[in-house]
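3D model of this:
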Amino acid sequence: MNTLKKVIRYSIPFVIMPLTVWAGTFLPFKNNYIIISCIIAILSILLFYCSFDTKKLSSRRLVLCAVMSSLCVIGRFIPFLKPVTAITVISSVYMGAEAGFLIGSTSALVSNMYFGQGPWTPFQMLAWGTIGFLSGLISPILKKSKCVFIIYGALCGILYSLVMDVWTSVFYNGSLTISLYISAVVTSLPHMALYTVSNVIFGIMLFKPLGKKFERIKLKYGI
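A predicted model of the protein is given here:
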């Protein structure tokens, strides 16, 4: 991977996207979240493109990303427990960090067409996308042990909740303050626990069967 693509690869998820989401909270016009969500979707595609010099470019890989995103969207219809994070993490472990970000971010955008778009959408896209990207970066570690994967899944539930608490603080106050953020975190502890338990349950259920499917697909189709 050349230097330019390396810079783009790490600057998009860790610098450009967070700044874009944050800046979007201060835009003066109505429904600004739609613009921000579209920008994040475009950046996700650009990030996915950065993987093409190290991974074989094929329509099969694109289709597999679309399939996993669809599973995430369908998973959000399950009451209380959601497999979105678990599917995103497993997908990124076997398909790469960029694919993980694309699956996580687009899943939030598409599923909210059913659950309702709003200022929270960019934060959900960033949260799930970042979780997917980080999972791809440490995929060798997560592949080695199911126990490590489950612990990581639990931590991802906490991370997702912490990111969404930023939106909660900004929504109520118009700006982020430490005291309000701490209050939002404390208030959201039941939801954080639910996210964590959900990731653990679906991690146990899906880690091995989905992993075997991915390995078979990679071997059969060279993805």
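
May I see the buried residues of the helix or strand of the chain with the lowest mean pLDDT?
Sorted by mean pLDDT, DSSP states H and E, the helices and strands of the chain end with helix 3-11, the least confident at a mean of 79. Within helix 3-11, the residues scored as buried using 16 or more other CB atoms under 10 Å are 5, 8-9. Glycine gets a C-beta too; all of them are placed from N, C-alpha and C.

cool, stretch 118-126 as well?
For stretch 118-126, the buried set under the neighbour-count rule, 16+ other CB under 10 Å, comprises 118-126.

how about the residue minimising distance to the centre of the chain, what does it touch?
Most central in the chain under CA atoms, centre = their mean is residue 128, positioned 1.9 Å from the mean C-alpha point. Shown in contact with residue 128 (CB atoms under 8 Å, 6 or more residues apart in numbering): 84-85, 88, 104-105, 107-108, 160.

same thing but at 6 Å, please
By CB atoms under 6 Å, 6 or more residues apart in numbering, the contact list for residue 128 reads 88, 104, 108.

and those, which of them are in helices?
Within the contacts of residue 128, residues falling in helices by DSSP state H are 88, 104, 108.

And for the second one, the neighbour number?
This points to residue 104. 32 (other CB atoms under 10 Å).

just checking, what packs against the lengthiest helix in the chain?
Secondary structure of the chain read by DSSP H shows that its longest helix is helix 189-221. Judged by 3 or more CB pairs under 6 Å, 6 or more residues apart in numbering; DSSP states H and E, the packing partners of helix 189-221 are helix 84-95, helix 146-173.

What's the mean pLDDT across it?
In this model, helix 189-221 has an average pLDDT of 92.

Can you list the buried residues in that helix?
Buried, per 16+ other CB under 10 Å, within helix 189-221: 192, 194-196, 198-200, 202-203, 206-207, 210-211, 214, 217.

Please list the outside residues in contact with stretch 35-54.
Against stretch 35-54 from outside (CB under 6 Å, 6+ apart): 1, 5, 8-9, 12, 17, 20, 24, 96, 98, 101-102, 105, 109, 121-122, 125.

Just the C-alpha atoms of it, please, in CSV.
Extracted in CSV, the C-alpha atoms of stretch 35-54 (Å, rounded to 0.1, in the frame of the first residue of the first chain):
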residue,chain,number,x,y,z
ILE,A,35,-25.9,15.6,4.5
ILE,A,36,-23.6,14.3,7.1
SER,A,37,-24.8,10.8,6.7
CYS,A,38,-24.3,10.9,3.0
ILE,A,39,-20.8,12.3,3.4
ILE,A,40,-19.9,9.5,5.8
ALA,A,41,-21.3,6.9,3.3
ILE,A,42,-19.1,8.4,0.6
LEU,A,43,-16.1,8.4,2.8
SER,A,44,-16.8,4.8,3.8
ILE,A,45,-16.7,3.8,0.1
LEU,A,46,-13.4,5.8,-0.4
LEU,A,47,-12.0,3.9,2.6
PHE,A,48,-13.1,0.6,1.1
TYR,A,49,-11.3,1.6,-2.1
CYS,A,50,-8.0,1.9,-0.2
SER,A,51,-8.0,-1.9,0.3
PHE,A,52,-7.9,-2.7,-3.4
ASP,A,53,-4.2,-2.7,-3.8
THR,A,54,-3.7,-5.4,-1.1
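
ok now that stretch, how far from the chain's centre?
13 Å (CA atoms, centre = their mean, to the nearest Å).
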